[in-house]
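Peer 1: With the sequence up front, the predicted model follows.
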Amino acid sequence: MRFLVSALIANGVAGNAGAAAAISPHFLQRELANDNGYGNYKAIASYSVKFQGCSFDSWLDEDGAFVIKRFVRARMCPASECRDLKTYGCKSDYADLIVPLEDFLNAQEEYLANQKATYCANILTECQAGYYATTYDDEDTCYAAEGGTTCTSSDIIDITEYYGCAEYEPEDDTYSVDSDGNAVVFYLGPRCSSSGGKITMGLFLDETCTVPSSSVTFSMLAGGSLPNAQTSLVRQDCMDCTEPTSDNNNNAGDDQDDADAAVEFCEYVYEVAAKCESLLTTDLGCSSSANGDDGGGGDDGGGGYCTDACDFLAMQSVKNSNGSYNVNLLKSGSPAAGAFCGIFGALLVCLIGYAYFLRSKGPVINLE
């Protein structure tokens, strides 16, 4: 059995009262499988995805080791109501989603790559067709002159290979041994900013990408800058879920020819996410599902599964940047406070029951 510890709580619930542990919801333990097949893609096509932040949780596995789980908080808003410049995106008829960070980054990468391919192909076609007054000898010259500078890449490394936190092996092994003669292994991976509003790339010293490398930088290892070390990996605007209808603007062949009207990015993010649909009035597919644990949540027709992230999201709203909980907000009678009490109440009941079970078995006497 896995016992979950919420976000490596540093200060505990009551300020300096010592370390405290909260039981995190079950959906952080389960493997969220793609292609559950229950999305209402026609409805999803009229929505947009708005990034709201990133966070992390950890639990103790069977061997007593911490397992880190990073995730993205996103909101699916009606496209007509989604606001690019507002963190919340929209205030009605929305679904809040929790998506594993690596899954979200990979899905978004494909979404943006498809858009970029279409954009660059259009510029190149216009150059070749003589649309512009100047004739260009090669693609790069055309791109640079006609606004397609993003169509050429000079990045020193493909960061998509490190979205899941992976070992980085520099060609120069100058820093592969520390001053004490111990081998040093470097890792690259995404990290959440202290506010949770940005996801950037970083250099780390552990395989979970939680211990930053302070004395050795990526530029020292590679001789160049790490892409997205300062700028966020995730778009802050509303990402439209509508599938393009024309061949000239179909996300470079994303999935225009399939039966639905939603882009694969939105389909995927909705399917794999843990959800809070308590304020959603449009059926995006979860509430009408009857697929059991594969998407419907059992006998409730999807209701439990469609709201199983609500308490957890309420708890995230009262976290400090270091993972501890804001006591003043917990005392305020907010929904987060209710969620907090519910989680700890359930834990207390379990502990009392287990203690009674042990007592009922009586003392163990060694007869040898």
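Peer 2: On my side now, so go ahead.
Peer 1: can you give me the strands for the stretch 51-200 of the chain?
Peer 2: Counting by DSSP state E, counting those that start in this stretch, one finds strands in the stretch 51-200 of the chain at the ranges 66-78, 95-100, 166-168, 186-192, 199-204.
Peer 1: pLDDT of stretch 69-85, averaged?
Peer 2: Averaging pLDDT along stretch 69-85 gives 94.
Peer 1: Then stretch 199-213?
Peer 2: 95.
Peer 1: Touching it from outside, list them.
Peer 2: With contacts defined as Cβ atoms under 8 Å, 6 or more residues apart in numbering, stretch 199-213 is touched by 54, 66, 68, 72, 101, 105, 159, 162, 165, 167-168, 184-193, 216-218, 221, 226-234. All C-beta atoms are positioned from the backbone trio N, CA, C, and that covers glycine.
Peer 1: quick one on the thing from earlier: tell me which of the strands of the stretch 51-200 of the chain is the most buried.
Peer 2: Of all the strands of the stretch 51-200 of the chain, strand 95-100 has the most neighbours on average by mean count of other Cβ atoms under 10 Å, namely a mean of 24.
Peer 1: could you give the angle of it to strand 66-78?
Peer 2: Per axes from the mean of the first three to the mean of the last three Cα atoms, to 10 degrees, the angle that strand 95-100 makes with strand 66-78 is 150 degrees.
Peer 1: Output the contacting helices and strands for strand 95-100.
Peer 2: Contact analysis of strand 95-100 by 3 or more Cβ pairs under 8 Å, 6 or more residues apart in numbering; DSSP states H and E lists strand 66-78, helix 264-272, strand 274-276, helix 310-316 as its packing neighbours.
Peer 1: can you rerun that using 6 Å?
Peer 2: Where contact means 3 or more Cβ pairs under 6 Å, 6 or more residues apart in numbering; DSSP states H and E, strand 95-100 is packed against strand 66-78, strand 274-276.
Peer 1: Tell me the pLDDT of G301.
Peer 2: pLDDT at G301 comes out at 41.
Peer 1: same thing with D57?
Peer 2: The model's pLDDT for D57 equals 75.
Peer 1: Would you confirm that it contacts K69?
Peer 2: Yes - the pair D57 / K69 is scored as a contact, 5.1 Å apart, by Cβ atoms under 6 Å.
Peer 1: which residues in the stretch 51-200 of the chain form helices?
Peer 2: Taking DSSP state H, counting those that start in this stretch as the test, the helices found in the stretch 51-200 of the chain are 101-128, 139-145.
Peer 1: Of all those, which one is nearest L284?
Peer 2: Among these, helix 101-128 comes nearest to L284, with 16.5 Å by Cβ to Cβ.
Peer 1: so where's the stretch 101-250 of the chain uncertain?
Peer 2: 130, 132-134, 149, 245-250 (pLDDT under 70).
Peer 1: count of residues packed around S92?
Peer 2: For S92, the tally of surrounding residues (other Cβ atoms under 10 Å) stands at 10.
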